[in-house]
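Student: I need the structure of the sequence given here:
(2 chains)
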Number of protein chains: 2
Amino acid sequence: MEIIVAKNAGLCYGVKRALKIAQDTRQSRNGNVFCHGELIHNPRVITDLKNQGIQTIKSLGELKEGTVIIRSHGISPKIFQRLKKKNMSIVDATCPNVKKIQKLVERLAKKNEDIIIVGNREHPEIKGLIGHSRGKVKITENVQEAKRSPRRKKRSVLAQSTQDLHLFETIVAALIEKTEELSVHNTICQSVQKRQKSTSELAASVDTLFIIGGRNSSNTNKLYEISKKIQPNTYFIERADQITPRMLKGAKRIGLSGGASTPPEAIREAVLKIKASLSHHIPREIMIQ
Amino acid sequence: MEIIVAKNAGLCYGVKRALKIAQDTRQSRNGNVFCHGELIHNPRVITDLKNQGIQTIKSLGELKEGTVIIRSHGISPKIFQRLKKKNMSIVDATCPNVKKIQKLVERLAKKNEDIIIVGNREHPEIKGLIGHSRGKVKITENVQEAKRSPRRKKRSVLAQSTQDLHLFETIVAALIEKTEELSVHNTICQSVQKRQKSTSELAASVDTLFIIGGRNSSNTNKLYEISKKIQPNTYFIERADQITPRMLKGAKRIGLSGGASTPPEAIREAVLKIKASLSHHIPREIMIQ
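Tutor: The predicted structure is shown next:
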């Protein structure tokens, strides 16, 4: 019996940085501290922040005097201007990788390039990027949409920082058939690429896999989709107490992985829960993390 | 019983043009007329040209006074200079699509770009392109080679004009993982892309398929490889008399396709041969061409 935690599972640099900025801000400032939207996509972390005195707001109307933190996914320049008009003190926790993509999109939009971003229309990072392009980008979510793209002489394509690399490659393949010169900017975060790779390798070597993270986390959902295709016994859980004996029935090699917004405690608790459920065996635990 | 000829099978614009240039040259010029290498990769056509008084030479040493035709695949600037030094009268039958790729390679090499060409090292088009880049390009023949490429911030990739589109897409996918900004120039000739597409569609709808063309024709070989994966009963033939009763045993829907250098007579003769072999049936013939 083995329990194996995927290499590169859990919190990435951008998320750790955003959490540190939020906590430092709370400690150093008096008055209200707000976060515009969820700082990261994990309900457990949001509750922790609330307990520390950082309120997550959904709309700008909820803001009162004080400090507002821009979350890791970034915002559009328009929203930034509205926060300034409200005389809020602004602390920017946008992930540096996302910042780089925002600048790339601005640069390409200024040159009037035909730009496609592979991502989810409803994701805050994408909404921010649309703002940075002044509405000039086209969002493509799947291969079918890419295949319907008109023929172009020149075009640029980039990706949401947490995109599934394989989907990005498939969409690029479809666009090659529609474009004479296609500039492909691989803007998928290196840590996301590594996590997807090590999780899919783990999925191929275990008989049961748990993906731990927030249901609304884009990159955790993608980890689940990638793993499920390789190992059908893949389960998406938000908390350790969602692991049932039925899920563990007959399991001999159990894998665990978590997204960029999954705190290490969540993974540790899942390991403990599995060990407790299998107390009649002596599991050999391998933490590659 | 049906016999179906693939849409877009047979001679492409560049090949038809090269043949016309060669024939016009023979008619308008006195003295020797040579072709530097095979004008197109089809032994039947080369024999026809010889009978018309156009000699195919393998090395520049074979040249005597007269006119030399540059074949559809193009040549390197170095060879061009050597032909000029020999005081040959030069007639250029390089395919306009290949000419465009030669110019693209020159432009990218001048900018000192990191250039990869997806193609066959031994193919004359590729040898010509290496010359136009002044030796600055790297040739990649397969995905394994692409995966071994070093990491780069910026890189350009293009293809031999007769490359298999699917292989090109797979190699691009591998390069995306090694490159921050990858400029993909889809230099595969539109007519090659259409022929590959219609032939693979045909392969999926028939029970037996004949690919007709020269054994040394790159694009015909690719048609065969693509079709063989879809329909195992795919046969590569150079001449109609290579069709045997064993190949036709049990066949109900027979497809035919040919490469860019396959003359229409070769396809017509194959259709006649199949009809004759199946004379006890009355085949319904569909020429989509």
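
Student: Indicate the residue of the stretch 1-150 of chain A located nearest to chain B.
Tutor: Closest approach between the stretch 1-150 of chain A and chain B, counting by Cβ to the nearest Cβ: residue A:104, at 9.1 Å. Quick note: C-beta positions are derived from backbone N, CA and C, even for glycine.

Student: and that residue, how many neighbours does it have?
Tutor: Number of residues near residue A:104 (other Cβ atoms under 10 Å in any protein chain shown) recorded here: 19.

Student: do the same with residue A:237
Tutor: 21.

Student: State the distance from it to residue A:38.
Tutor: Separation of residue A:237 from residue A:38 (Cβ to Cβ, to the nearest Å) stands at 19 Å.

Student: Quick one: mean pLDDT for the helix or strand harbouring the residue of the stretch 1-150 of chain A closest to chain B?
Tutor: Using DSSP states H and E, residue A:104 maps to helix A:96-110. The predicted model gives helix A:96-110 an average pLDDT of 97.

Student: Just the buried residues of it, please?
Tutor: Neighbour-count burial for helix A:96-110 flags A:97-98, A:101-102, A:104-106, A:108-109 (criterion: 16 or more other Cβ atoms under 10 Å in any protein chain shown).

Student: Might you quantify the distance of it from its chain's geometric centre?
Tutor: Relative to the chain's own centre, helix A:96-110 is displaced by 18 Å; criterion: Cα atoms, centre = their mean, to the nearest Å.

Student: so what strands line up beside the following helix or strand past that helix?
Tutor: Sequence-wise, the next helix or strand downstream of helix A:96-110 (DSSP H and E) is strand A:115-118. Using DSSP bridges, strand A:115-118 pairs in its sheet with strand A:137-140 (parallel), strand A:152-159 (parallel).

Student: Go through these and name the closest to residue B:52.
Tutor: When these are compared by Cβ to Cβ, strand A:152-159 sits nearest residue B:52, at 39.9 Å.

Student: what comes up buried for the closest one?
Tutor: Applying a neighbour-count criterion of 16+ other Cβ under 10 Å, one finds A:155-159 buried in strand A:152-159.

Student: got the angle between that strand and helix A:96-110?
Tutor: Here strand A:152-159 runs at an angle of 160 degrees relative to helix A:96-110 (axes from the mean of the first three to the mean of the last three Cα atoms, to 10 degrees).

Student: Next SSE downstream of strand A:152-159?
Tutor: Remark: after strand A:152-159, the chain's next helix or strand is helix A:165-176, criterion DSSP H and E.

Student: quick one: buried residues of that following helix?
Tutor: By neighbour count with 16+ other Cβ under 10 Å, helix A:165-176 contains the buried residues A:165, A:167-176.

Student: ok, back up a step: could I get the strands paired with strand A:115-118 as CSV with mean pLDDT and distance to residue B:229?
Tutor: Shown next, in CSV, are the strands paired with strand A:115-118 (pLDDT from 0 to 100; distance: least, Cβ to Cβ, whole Å):
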stretch, mean pLDDT, distance to residue B:229
strand A:137-140, 96, 28
strand A:152-159, 97, 28
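
Student: Out of the ones you listed, which gets nearest to residue B:193?
Tutor: Nearest to residue B:193, of all the strands paired with strand A:115-118, is strand A:152-159, at 15.7 Å by Cβ to Cβ.

Student: Show me how far that closest one is from its chain's centre.
Tutor: 24 Å.

Student: which outside residues touch that strand?
Tutor: Here strand A:152-159 makes contact (Cβ atoms under 8 Å, 6 or more residues apart in numbering or on different chains) with A:101, A:104-105, A:108, A:113-119, A:168, A:171-172, A:175, A:178-188.

Student: and with 7 Å instead?
Tutor: For strand A:152-159, contacts defined as Cβ atoms under 7 Å, 6 or more residues apart in numbering or on different chains pick out A:101, A:104, A:108, A:113-119, A:168, A:172, A:175, A:178-185, A:187-188.

Student: where's residue A:223 relative to chain B, distance?
Tutor: Noted for residue A:223: a distance of 18 Å to chain B, by Cβ to the nearest Cβ, to the nearest Å.

Student: Validate this expectation: that residue resides in a strand.
Tutor: No - per DSSP: H, G, I helix; E, B strand; the rest coil, residue A:223 lies outside any strand segment and is helix.
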